[in-house]
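1. Could you look at this predicted model? Sequence included:
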4 protein chains.
Amino acid sequence: MPISELFLQRRVEFHETDQAGIIHFSNYFKYMDTAVAEFFRALGLPGPLTKYWGGIREDEIDWPYVRTTCEFRKPARFDDLLQIHIWVKKIGTKSMAFEISFRKGDEELARGELIVVCCKTVGGQPMGQEIPHNIREKIAVASGSVSGTDAAQ
Amino acid sequence: MPISELFLQRRVEFHETDQAGIIHFSNYFKYMDTAVAEFFRALGLPGPLTKYWGGIREDEIDWPYVRTTCEFRKPARFDDLLQIHIWVKKIGTKSMAFEISFRKGDEELARGELIVVCCKTVGGQPMGQEIPHNIREKIAVASGSVSGTDAAQ
Amino acid sequence: MPISELFLQRRVEFHETDQAGIIHFSNYFKYMDTAVAEFFRALGLPGPLTKYWGGIREDEIDWPYVRTTCEFRKPARFDDLLQIHIWVKKIGTKSMAFEISFRKGDEELARGELIVVCCKTVGGQPMGQEIPHNIREKIAVASGSVSGTDAAQ
Amino acid sequence: MPISELFLQRRVEFHETDQAGIIHFSNYFKYMDTAVAEFFRALGLPGPLTKYWGGIREDEIDWPYVRTTCEFRKPARFDDLLQIHIWVKKIGTKSMAFEISFRKGDEELARGELIVVCCKTVGGQPMGQEIPHNIREKIAVASGSVSGTDAAQ
């Protein structure tokens, strides 16, 4: 069951195409990255986004990627409007697995996965840590429960 | 056993870093893409590279990606000199699986995989087809044999 | 006097930052490119955008860049919401000059310029041509007049 | 007279092309950025490159861009081998102007300019400062003299 699903739209830009006339596959990973950022923003936690994602200052949080996968089913083209769905597939003590689906109308063009680990900046360096309680609670709200989910890794 | 291993070097450029002070993970997929291009160049087939990879003109060949994965073990940083090894993990009738290892000195920083399908441009569109015999032979040379390998998918 | 000014918003994404903690300057040129695309979309001409911008099929139109400049005044950072204004500075027979201003709140962070030439795809190749009358008229609407403007180059 | 000219080669990669079948113009600015980094490396100053370019740690040096321009004369395509020449056009007290020429064989495809300002990281922030004497001397070596050059801005 998806946890905390978030929906975004994104239009394929010209500079994202390649000479085969389709989006270059590396861009899906930029989209996933931004979808994860927007997922954390959508949790509605207080303060700037970098307190919860992408942070590099003391006590800010970032979620380095451990592994990512993407399957490409149909090509996306310039000016296509993509529907991007992102949800938490699994949540563990320190890590999570996101799944991301890229659709154009009725068709799924691509599907990706990202495994992330919760880190806080301590002394200028990212240190792995347990997912903070307030973040975990916000994620659980949309699904009613995160019990029974396995550790992402 | 790796088939047709190729070795490349690449220096992390400033524009590839992000504010976490490390290479943004989407760049690994650009590196993989270029490593595959150089793999085909290294086969030493006659004519321009686009006859065998990245081609969009009539009868040229391209290898669309079906699936890719990357595991990130240690971060790469600006000005790091990466050693990139790419080899064929499996070769099928129409598809192949490449594996790519990114090392810095003694450490493996990341490891990726790419599943590709052989396509020829026919009437302006990519059409899936069997891997041409001359390409298959060149790939087999480095390993002595491709017999017994499973289809990539 | 600006002709046909268009206003867009855009949030700086994580992958657009570099290790200096600011947006990498090359991204301003991607933003400009997309702003020009949206400028042509906003003209409300019939048919797909590629009939008027970014087209590569027969009789579609593209506007190759001849020269571009950007001045950087203040850095943009991750998650900054940029206000992007684009307008036609000059319109000639075959070319135009766009000016683009990037603001964050009250401050102008950067200002760019793009000189473009009107081309139609003929026999698979871009051929320079006069700016079509219907496009020129649409551009003139917002300003009331394009008379007296000098050729962009 | 060019000061301290440096020559580099670079092959256009597939992910740098767009659906018009040519290099996307934003990539020239990535090339310029890397050419400036290699220019500083070529000066042969002791220690890591980030002591002289791209540095973000205390006392390291970076050269933020104030203004850049590029003229596009002929398109570069996938797999083209570009010859990149970079030289100092002007050197001032705190700033420099680089000029960069992109050639393919006998043809100049593009020409760019970058105005940079010397900054040292102090308290985590870039602070404008005079170009250090040892860097200025190294730059002067190739030309015999930097006297009489105007400030870049």
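-> The structure has been received and is ready for your questions. Numbering: from 1, shown residues only, chains lettered A, B, ... in the order given.
2. from here on, contacts and neighbour counts on C-alpha atoms
-> OK.
3. low-confidence ranges in chain A?
-> A:1-3, A:141-153 (pLDDT under 70).
4. Apart from its neighbours in sequence, what residue is nearest the most centrally placed residue in chain A?
-> Residue closest to the mean C-alpha point of chain A, counted by C-alpha atoms, centre = their mean, is A:V36 at 2.6 Å. Ranked by C-alpha to C-alpha, 6 or more residues apart in numbering or on different chains and with sequence neighbours excluded, the top spatial neighbour of A:V36 is A:I86, at 7.5 Å.
5. near chain B, which residues of chain A show up?
-> Residues of chain A that fall close to chain B, judged by C-alpha under 8 Å from any C-alpha of the partner chain: A:19-20, A:25-27, A:29-30, A:54-56, A:65-73.
6. change it to 10 Å
-> With C-alpha under 10 Å from any C-alpha of the partner chain as the criterion, chain A comes near chain B at residues A:18-21, A:24-33, A:54-57, A:62, A:64-75, A:110-115, A:124-126.
7. quick one: whichever helix in chain A runs longest to helix B:26-42, angle?
-> Counting residues, the longest helix found in chain A (DSSP state H) is helix A:26-42. Angle, helix A:26-42 to helix B:26-42, by axes from the mean of the first three to the mean of the last three C-alpha atoms, to 10 degrees: 170 degrees.
8. what's the following helix or strand after helix A:26-42?
-> Of the helices and strands lying after helix A:26-42 in sequence (DSSP states H and E), the nearest is strand A:61-62.
9. So which elements touch the helix or strand following that following strand?
-> Next helix or strand after strand A:61-62 toward the C-terminus (DSSP H and E): strand A:65-72. Packed against strand A:65-72 by the contact rule (3 or more C-alpha pairs under 10 Å, 6 or more residues apart in numbering or on different chains; DSSP states H and E) you find helix A:26-42, strand A:95-104, strand A:107-117, strand B:65-72, strand B:107-117.
10. cutoff 8 Å now
-> strand A:107-117, strand B:65-72 (3 or more C-alpha pairs under 8 Å, 6 or more residues apart in numbering or on different chains; DSSP states H and E).
11. Pipe those into a markdown table and attach mean neighbour count per row.
-> Shown next, in a markdown table, are the helices and strands packed on strand A:65-72 (neighbours: other C-alpha atoms under 10 Å in any protein chain shown):
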| stretch | mean neighbour count |
| --- | --- |
| strand A:107-117 | 20 |
| strand B:65-72 | 20 |
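12. okay if I get those strands as CSV plus distance to D:A42?
-> Below are the helices and strands packed on strand A:65-72 laid out as CSV (distance: least, C-alpha to C-alpha, whole Å):
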stretch, distance to D:A42
strand A:107-117, 39
strand B:65-72, 32
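13. Figure out which of those strands is closest to C:G44.
-> strand A:107-117 (27.4 Å; C-alpha to C-alpha).
14. What pairs with that closest one, parallel or antiparallel?
-> strand A:65-72 (antiparallel), strand A:95-104 (antiparallel) (DSSP bridges).
15. Tell me the helix or strand right after it.
-> strand A:119-122.
16. one step back: any chance of the strands paired with strand A:107-117 in a markdown table, plus distance to C:F14?
-> Formatted as a markdown table, these follow (distance: least, C-alpha to C-alpha, whole Å):
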| stretch | distance to C:F14 |
| --- | --- |
| strand A:65-72 | 13 |
| strand A:95-104 | 18 |
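17. out of those, which comes closest to B:A97?
-> So among those, strand A:65-72 is nearest, using C-alpha to C-alpha, at 13.5 Å.
18. coming back round to it: surely the residue nearest to A:V36 touches A:R111?
-> No. Applying C-alpha atoms under 8 Å as the test, A:I86 and A:R111 come out as separate, 9.9 Å apart.
19. what do the two both touch?
-> Counting by C-alpha atoms under 8 Å, 6 or more residues apart in numbering or on different chains, the residues touching both A:I86 and A:R111 are A:99-101.
20. So what's the residue count around the residue in chain A that chain D sits nearest to?
-> At 3.9 Å from chain D, A:D18 is the closest residue in chain A, using C-alpha to the nearest C-alpha. Using other C-alpha atoms under 10 Å in any protein chain shown, A:D18 has 26 neighbouring residues.
21. Contact partners for it?
-> A:24, D:14-19, D:21.
22. Could you dump those residues into JSON lines with secondary structure and distance to C:H133 added?
-> JSON lines is the format used below for the contacts of A:D18 (DSSP: H, G, I helix; E, B strand; the rest coil; distance: C-alpha to C-alpha, whole Å):
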{"residue": "A:H24", "secondary structure": "coil", "distance to C:H133": "34"}
{"residue": "D:F14", "secondary structure": "helix", "distance to C:H133": "36"}
{"residue": "D:H15", "secondary structure": "helix", "distance to C:H133": "35"}
{"residue": "D:E16", "secondary structure": "helix", "distance to C:H133": "33"}
{"residue": "D:T17", "secondary structure": "strand", "distance to C:H133": "31"}
{"residue": "D:D18", "secondary structure": "coil", "distance to C:H133": "28"}
{"residue": "D:Q19", "secondary structure": "coil", "distance to C:H133": "26"}
{"residue": "D:G21", "secondary structure": "coil", "distance to C:H133": "27"}
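23. Go through those and name the one nearest chain C.
-> D:Q19 (7.4 Å).
24. Would you agree the closest one is in contact with C:I56?
-> Yes. Using C-alpha under 8 Å, D:Q19 is in contact with C:I56, at 7.4 Å.
25. Where neighbours are concerned, which of the shared contacts of A:I86 and A:R111 has the most?
-> A:I100 (26 neighbours).
26. Just list whatever residues bridge to that residue.
-> Where A:I100 sits in a bridge, its partners, by DSSP bridges, are A:I86, A:G112.
27. Touching, it and A:E113? I think so.
-> Yes. A:I100 is in contact with A:E113 according to C-alpha under 8 Å; the separation is 6.1 Å.
28. What spatial separation is found between A:L109 and chain C?
-> With distances taken as C-alpha to the nearest C-alpha, to the nearest Å, A:L109 is found 21 Å from chain C.
29. Report the contact partners of the nearest residue to that residue once chain neighbours are set aside.
-> Using C-alpha to C-alpha, 6+ apart and skipping residues adjacent in sequence, the residue nearest A:L109 is A:K74, 4.6 Å away. Residues near A:K74 by C-alpha under 8 Å, 6+ apart: A:108-110.
30. part of a helix, is A:K74?
-> No. Counting by DSSP: H, G, I helix; E, B strand; the rest coil, A:K74 is not found in a helix; it is coil.
31. The residue nearest to A:F78 when sequence neighbours are not counted: what's it in contact with?
-> What sits nearest to A:F78 in space, not counting adjacent residues and going by C-alpha to C-alpha, 6+ apart, is A:V12, at 5.1 Å. The contact partners of A:V12, by C-alpha under 8 Å, 6+ apart, come to A:23, A:76-82.
32. if we go to 10 Å?
-> A:22-23, A:27, A:76-82, C:34 (C-alpha atoms under 10 Å, 6 or more residues apart in numbering or on different chains).
33. And A:N134, by the same measure?
-> Neighbours of A:N134 in contact, by C-alpha under 10 Å, 6+ apart: A:43, A:45, A:140.
34. Pull out the buried positions in the helix or strand hosting it.
-> According to DSSP H and E, A:N134 maps onto helix A:133-141. Buried positions in helix A:133-141, judged by neighbour count with 16 or more other C-alpha atoms under 10 Å in any protein chain shown: A:138-140.
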